[in-house]
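Novice: no sequence on hand, only this structure:
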């Protein structure tokens, strides 16, 4: 598959996933880049995402990273589901912060993919780091 065909497939898969993902839509996720093994997402933290300490609930950064994991790992055109994930919160996230993901594919085999996802705020400060492992089902998103 050529690079342009890979890009087309990734965008087609992520379109299908995102359009059927009301939670990612509620988060206000903007897709900056779709790719096979890659995903750049951006979102702005809103008041209803804050916890009792007036900082973003940990589930917000977790969910953003989880969406990046899903989009990146499925971007190859083969269905992949997470089997293990973890997150470390390294700085407070406040209302109005603009968060952006960066994905690094650490390992990819026929059945398993491992990804590291960093989340930075608008000041390029690292606010969370996420590790995700996916199981690649072998099923194609668009069998033809």
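Specialist: Looks like it arrived, so ask away. What you see is a predicted model; the values in this text were computed from it and never measured.

Novice: which stretches in the protein count as helices?
Specialist: Using DSSP state H, the helices assigned to the chain run over residues 3-19, 22-27, 58-74.

Novice: so for the second one, mean pLDDT?
Specialist: In this model, helix 22-27 has an average pLDDT of 97.

Novice: elements contacting it?
Specialist: Counting contacts by 3 or more CB pairs under 8 Å, 6 or more residues apart in numbering; DSSP states H and E, helix 22-27 packs against helix 58-74. C-betas here are computed from N, CA, C, even on glycine.

Novice: ok, now which ones touch the residue nearest the centre of the chain?
Specialist: When CA atoms, centre = their mean is applied to the chain, the residue found nearest the centroid is residue 68 (0.8 Å). Neighbouring residues of residue 68 by CB atoms under 8 Å, 6 or more residues apart in numbering: 39, 40, 41, 101, 103, 117, 130.

Novice: now with 6 Å?
Specialist: 39, 41, 101, 103, 117 (CB atoms under 6 Å, 6 or more residues apart in numbering).

Novice: and what of residue 91?
Specialist: 125, 127.

Novice: do you know how far it is from residue 129?
Specialist: 11 Å (CB to CB, to the nearest Å).

Novice: same thing with residue 60?
Specialist: From residue 60 to residue 129 the distance is 15 Å (CB to CB).

Novice: any low-confidence regions in this protein?
Specialist: Applying pLDDT under 70 to the chain picks out no residues at all.

Novice: regarding it, what is its longest strand?
Specialist: Using DSSP state E to define each element, the chain has its longest strand at strand 126-140.

Novice: give me the nearest residue to residue 44, chain neighbours excluded.
Specialist: For residue 44, ignoring the flanking residues on the chain, the nearest one in space by CB to CB, 6 or more residues apart in numbering is residue 98 at 5.1 Å.

Novice: no wait, residue 21
Specialist: Excluding the flanking residues, the one nearest residue 21 by CB to CB, 6+ apart is residue 67, at 7.4 Å.

Novice: surely the one you found and residue 24 touch.
Specialist: Yes - counting by CB atoms under 6 Å, residue 67 does reach residue 24; the two are 4.8 Å apart.

Novice: mind listing what's buried in stretch 79-86?
Specialist: For stretch 79-86, the neighbour count (16 or more other CB atoms under 10 Å) marks 79, 80, 85 as buried.
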